[in-house]
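Asks: coordinates for the following, if possible.
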Amino acid sequence: MNEPGPLVGGTLVFLGSGVGGLLRHAIGSAIQHAWGPRFPLGTLVVNVSGCLVMGLCIGTWIGATPMREEFRLAILIGVLGGYTTFSSFGRDFFLLASEGAWGRAASYALLNVVLSLLAVWVGAAIAHRVFGQSVT
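Replies: Model (predicted):
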């Protein structure tokens with residue numbers, strides 16, 4: 001597959017990032033509003049769901065079902081890069097810790113890392129089961 005030029009690739013990433021950022025804001029805000037301010041659940045759900053989608057895409061777009069590089073750039077780098085929020089994760093951790101809520105801060109950090117990594121694996125495993133392709 002041919003790689004898109006830097007202008008096309010950059011434009012796709014830029015546009016995808018905007019879409020991802022809007023999704024992150026809408027989904028994260030809705031969850032946080034429903035949950036309340038004591039724990040940053042909106043950011044956690046966005047990170048884990050973004051990693052799940054990343055795993056599904058990785059597991060789906062290899063082998064017999066390759067994806068055009070333009071779509072890869074727009075979705076994996078653009079949309080999912082704009083959607084997942086590890087910078088917001090750092091901010092949320094800092095705020096919890098600066099309030100002295102070390103237990104909540106530590107559980108939040110652990111849940112973000114473990115569940116997000118697990119979600120990538122689960123997404124890839126689902127894609128493997130559906131499409132019969134190995135991710136290794």
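Asks: per-residue confidence at the residue lying farthest from the centre of the chain?
Replies: Seen from the C-alpha centroid of the chain, the residue lying at the greatest distance (C-alpha atoms, centre = their mean) is Gly100, 28.1 Å away. As predicted, Gly100 sits at a pLDDT of 96.
Asks: which residues touch stretch 34-53?
Replies: Contacts to stretch 34-53, defined as C-beta atoms under 8 Å, 6 or more residues apart in numbering, come from residues 24, 27-33, 80, 83-86, 88-89, 92, 96, 104, 108, 111-112, 115-117, 119-120, 122-123. Glycine gets a C-beta too; all of them are placed from N, C-alpha and C.
Asks: got it, and stretch 82-97?
Replies: By C-beta under 8 Å, 6+ apart, stretch 82-97 touches 16-21, 23-24, 28, 40, 43, 46-47, 50-51, 54, 102, 104-105, 108-109, 112.
Asks: so which bits of that stretch are buried?
Replies: Judged by neighbour count using 16 or more other C-beta atoms under 10 Å, the buried positions of stretch 82-97 are 82-85, 88-89, 92-93, 96.
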